[in-house]
Every structure is written in C-alpha cells, then in structure tokens.
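1. Provided below for reference: sequence and predicted model.
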Amino acid sequence: MEKIKPVSLTKRLFSSIKQYGIAVNEERAIPDYYDGLKPVQRKVLWSMHQMGLEANRLVKTARVVGDVLGKFHPHGDKSVQDAITTLVQQVQAPVFGEGNWGSITGDKEAAMRYTLVRLSEYGKSFFDPFYLPVLDLVPNYDGSTAEPVRLTPMLPHLLLNGSSGIGVGATVEIPAFTKDSVKKVLEQVFAAGKCTVDICSNLEIVTPSNARVLPQKKALTEFYASRAGSVKFASRLRVIGENVVLTGVAPFQGVDAYMKQIFGCESLAAVARIQDMSSQWELSVVFTPRRGVSAEALKDELDKRLTSVKHYKVNITKRTLIVKKDGWREVNVEFQASSIVDIFNRWFTDRVELEKKALTWQIEQLNAQIRRNEVLILAGKFVDFLFTLAKSKKTNEQCLSDIEKQLGVSRKEAEFVFELKWRQLRSIEVSAIGEKIKEQKSKKAEWEKRYKNPVPFLISQLKVL
C-alpha cells in the first residue's frame, strides 16, 4: 500500500511561491542585461526578423501577434500586443509602428487589427548578418522551431531605453540615457577596458515626458555605483508672451498621475486657465496667469509644484546557453542585483566575446572558401587529366583515388572535383580565381588582426551607429 507522507503546509506554500516567483522574475518581469529585453519582447523581435519585416514592409500588428503566439509565446494576445506597444514607444524604438499607438497624454493605442509594424533601422541592428551565425538558439516551447537565448544589439539597449517591471519580491526600474551619452561612455569603457563611476558621470538621463534632471552630482554618483538610487526631476517651462508653456513634465507614477498633477494646478490662485495643446508625442500645456500675476512669477510657482523624485532599482537577469549531455539545449537564467557601472562592464566583456566568437566563425568559413578556390585552380590545371578520367571506364572509387593522388587533395575535395560538370571545368579561369584568393587572404589577415585586438574596431563602429 502506498504510504502517505505528511508535509508541512507552510513549507509547501513557501516552496511553491518561491518557484513561481523565480519563474515570473526570470521569464516575464526582469530584463536581460545584454540585450535589455524581457522574454516576450525578445520573442516579438525574433518573430519579426523571421517574417522578413526588416525593409519597408509593414504588416498588421495582429499578424505579428499571431506568429508570436503560435511559435513562441502561447500565453494570450494582450501580453504580446502590450510588448509590441512598448517596443514602438521606446526612446530608441526597435519597432516602427504606423497608425494610432497612443499618446504622451495617456490615450491608448488602437486595436491590433488597425495598426501596422515593421523593424526600425535601430531594430535591424539586433540582427547584423555578421553576428547572426553565432547566435545561441534553443528549441521553442513545442520543439517545432528555435528561438534565441538573447539577441545581439550593437549598443546596450537596456541603457538606451531603460526598463520597468514588477516581479515577485523584486522590482526593476532603470532609467533611459541619451544615445550620444551612452556612446560617449562606451568609447571610454572600450579604451580603458572597464567602466568606472567617473566615466558614468557623462551619462544623461532622458524620460518619455521630456523632464529636466536637476543638478545632483553626488546622488547620481552614488546611484551609478550601487543597485538603487533616487533622481530629482523638474518640468520644462518657458515664458511665451504672457503665458507659461509646459513642454516637459517630471515623471510621476504613470501618465494619468502626471496629467492629474498638471491640471491640479487649476487650484493655484495665480492660474486663470489651462489649455492642453499637446500633439501625439509632444507635450504642450499653456498656463494663462490671472490678472496682476506676471508670467515669470507663475513660472516660478509652477516649477516648485511640478517637481518629483523618482526611485530607481537595478535588477537584471543573465541568460546563458546550457547544452546537456544528450545534446538538448536550454536557457539558464540567473537573477542578479546590479548597478549601472556593472551593466557597462558586463556588456563590454560580452561584446568583446561576441566579436571574437563571430570572427572565429567567419574566418573558418573564409578558410573553407579559400581552400575550395585552391582546389578549383588545381582542377583547372589538370583539366585534361580530368576529362580523360571522365571518359575512362573506371569505377567512381577508382576515379576518386586517382584524383586524390594526381591533385594531392583529400577525399572530400576529390569528391567536390569529381562532381564538377564539364561546363564548369571548361569555364575555370585560374588567374581570376587566383585574384579572388588574394582578396580572401587579405580579408582573413584583416579579421585575424581584428581578433587579436577588437577594441579599435568597436570604437570605430560607435561612430556609425
């Protein structure tokens, strides 16, 4: 008879909640430090790449949602559509969206059957052909296709767009930084070999609401070096004629909150009227002062009212490929606390590793091409011998053996020559192929030099990104 073992309910609940919490944090709420993406966002970009949405080819958002659900993320269409909306609305957006994608004042995007999407120019950089061959892939949920462990953006996407997420017992709130400032920091990191707090001082925080970061060197220094910190923001106000125009607002808890904060200023004695003149993604709110109140005085009062402190917490995941003894490939995900300095250092290390890994693969392919061309030259030199051999009554095995001996090639190379058609043999131009080999060897030498010291190339690449 099967024995029933008593189990502590408290322990069982703790174990179950812990497993659930880990799964949520690793596979939903917390982004990977290298590609800056949450799992569903990665699946969306990979699906769009596989669909060929890298040119000026727009498709209905619903089509992308369906592809992601069917192949990579069978968990409901809302999560996928929300992920696409986020990717469209980011500061450096990897997805270009056409149609109604909401507004800065809180309007929701249109239904997925009305909007169109494709990868943006920035989004294409996640799929550079030079690095695609060494992308780590794992089976999708049903083993019918494969998906990447992580993608390979040429810039740290996490720091260009920031991230926000609520997990189980963990939250993430990472600011976005301007592209120019991130590139400036990376250039110094590549040159120095590591990131420091002093180098990070060149970073410039940017918000979707176009807020102004107040001077606070000490607070920012402490934040960049640690996993958490607070940053003070102010609104952007300017006097135009007799009015005060708000073009950027300090971040509050969500769009609804900061719009409420703005229109809450109607209660101020100095305000006569508020007009919202905002366009889809540009904030413009006009404040008219009451009679007897100058625009400058109103600006000062609004400046004090429309400030806020935002708290940041840097948590990330590290995704790596695990290949088991039976050849099965899966993702290992580690949840880690981090800092902005840490992220730069990790990204730099992995970027150099990616460069070397891709160069190794490309050089191997180039070596194979060079050898193939060398064998073609040998075939061109011994073309009369090959024609005679082809007309003989020797068996295939005897022919291959003769080609090996006469040309001094391997069995596999002999098979390549033996399978050449007569028309191909007649068209071999030894001098032209020789020139091609020179070009290939020159490219190989260039790549080998780059492999030994990839940093100069990585720095030069920053100038064109």
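-> The structure has been received and is ready for your questions. Note that this is a predicted model, so its numbers are computed, not measured.
2. The residue of the chain positioned farthest from its centre in helix, strand or coil?
-> Distance from the C-alpha centroid of the chain, by C-alpha atoms, centre = their mean, peaks at Lys393 (59.8 Å). Three-state call for Lys393 (DSSP: H, G, I helix; E, B strand; the rest coil): coil.
3. Name the secondary structure element that contains the residue nearest to Leu268 when sequence neighbours are not counted.
-> Spatial nearest neighbour of Leu268, excluding adjacent residues (C-beta to C-beta, 6 or more residues apart in numbering): Glu301 at 6.4 Å. Quick note: C-beta positions are derived from backbone N, CA and C, even for glycine. In the assignment (DSSP states H and E), Glu301 maps to helix 295-305.
4. Quick check: the gap between the residue nearest to Leu268 and Val44.
-> From Glu301 across to Val44, the span is 44 Å (C-beta to C-beta, to the nearest Å).
5. before we move on, back to that, retrieve the pLDDT associated with the residue farthest from the centre of the chain.
-> Looking at Lys393, its pLDDT reads 82.
6. Next, the contact list for it, please.
-> Applying C-beta atoms under 8 Å, 6 or more residues apart in numbering to Lys393 gives no contacts.
7. what bits of the chain have low per-residue confidence?
-> Residues of the chain that meet the criterion pLDDT under 70 lie in 1-2, 12, 14-28, 253-256.
8. Check which helices and strands the helix or strand where Thr317 lies is in contact with.
-> Using DSSP H and E, Thr317 falls within strand 315-323. Applying 3 or more C-beta pairs under 8 Å, 6 or more residues apart in numbering; DSSP states H and E, we find strand 315-323 packed against strand 171-174, strand 329-337.
9. Just say which of those is most tucked in.
-> Comparing the helices and strands packed on strand 315-323 on average neighbours per residue, with mean count of other C-beta atoms under 10 Å, the densest one is strand 171-174 at a mean of 20.
10. What's opposite the residue lying closest to Asn56 once chain neighbours are set aside in the beta bridge?
-> Closest residue to Asn56 apart from its sequence neighbours, by C-beta to C-beta, 6+ apart: Arg118 at 7.2 Å. Taking DSSP bridges as the rule, Arg118 bridges to Phe96.
11. Dump the helices and strands packed on strand 315-323 into CSV; add distance to Leu214 as well.
-> Below are the helices and strands packed on strand 315-323 laid out as CSV (distance: least, C-beta to C-beta, whole Å):
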stretch, distance to Leu214
strand 171-174, 18
strand 329-337, 26
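12. if I look at the residue nearest to Asn56, how far off is Val95?
-> 7 Å.
13. Quick check: neighbours shared by these two?
-> With C-beta under 8 Å, 6+ apart, Arg118 and Val95 have common neighbours Met48.
14. Compare neighbour counts for the two and give me the winner.
-> Val95 (26 against 21; other C-beta atoms under 10 Å).
15. so who does that one touch?
-> Contacts of Val95 (C-beta under 8 Å, 6+ apart): Val44, Leu45, Met48, Ile84, Leu87, Val88, Val117, Arg118, Leu119, Ser120, Gly123.
16. ok, 7 Å please
-> By C-beta atoms under 7 Å, 6 or more residues apart in numbering, the contact set of Val95 is Ile84, Leu87, Val88, Val117, Leu119, Ser120, Gly123.
17. From those residues, keep the buried residues only.
-> Those of those that meet the buried threshold are Ile84, Leu87, Val88, Val117, Leu119, Ser120, Gly123, by 16 or more other C-beta atoms under 10 Å.
18. With secondary structure and distance to Ala211 added, can I get the residues you listed in TSV?
-> Below are the buried ones among the contacts of Val95 laid out as TSV (DSSP: H, G, I helix; E, B strand; the rest coil; distance: C-beta to C-beta, whole Å):
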residue	secondary structure	distance to Ala211
Ile84	helix	25
Leu87	helix	22
Val88	helix	21
Val117	strand	28
Leu119	strand	29
Ser120	coil	24
Gly123	helix	26
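19. Show me which of these is closest to Gln369.
-> Leu119 (29.7 Å; C-beta to C-beta).
20. Tell me if I'm right that that closest one and Glu54 touch.
-> Yes - applying C-beta atoms under 7 Å as the test, Leu119 and Glu54 come out as touching, 5.0 Å apart.
21. which residues of the stretch 201-350 of the chain fall in helices?
-> 217-225, 255-263, 295-305, 340-381 (DSSP state H, counting those that start in this stretch).
22. list the helices and strands the third one packs on?
-> What it means is helix 295-305. strand 236-240, strand 243-248, strand 285-289 (3 or more C-beta pairs under 7 Å, 6 or more residues apart in numbering; DSSP states H and E).
23. before we move on, what about the last one?
-> If contacts are counted by 3+ C-beta pairs under 7 Å, 6+ apart, helix 340-381 sits against helix 179-192, helix 197-200, helix 217-225, helix 411-418, helix 430-452.
24. Out of these, which gets nearest to Ile459?
-> helix 179-192 (5.1 Å).
25. picking that back up, show me how far the strand holding Thr317 is from its chain's centre.
-> 15 Å (C-alpha atoms, centre = their mean, to the nearest Å).
26. Stretch 349-357 now?
-> Its chain's average C-alpha position is 15 Å from that of stretch 349-357, according to C-alpha atoms, centre = their mean.
27. and if you look at stretch 71-90?
-> 15 Å.
28. what's in contact with it?
-> Here stretch 71-90 has contacts from 40-41, 43-44, 47, 61, 64-65, 68-69, 93-95, 97, 101, 109, 112, 117, 140-141, 145, 147, 161, using C-beta under 7 Å, 6+ apart.
29. and with 6 Å instead?
-> For stretch 71-90, the surrounding residues in contact (C-beta atoms under 6 Å, 6 or more residues apart in numbering) are 40-41, 43-44, 65, 68, 94-95, 97, 101, 109, 112, 140, 145, 147, 161.
30. cool, and stretch 295-304?
-> Leu237, Val239, Glu242, Val244, Ala270, Pro289.
31. Count the neighbours of the nearest residue to the first one once chain neighbours are set aside for me.
-> Nearest non-adjacent residue to Leu237, counting by C-beta to C-beta, 6+ apart: Lys299, 5.1 Å away. One way to gauge burial is a neighbour count; for Lys299, by other C-beta under 10 Å, it gives 20.
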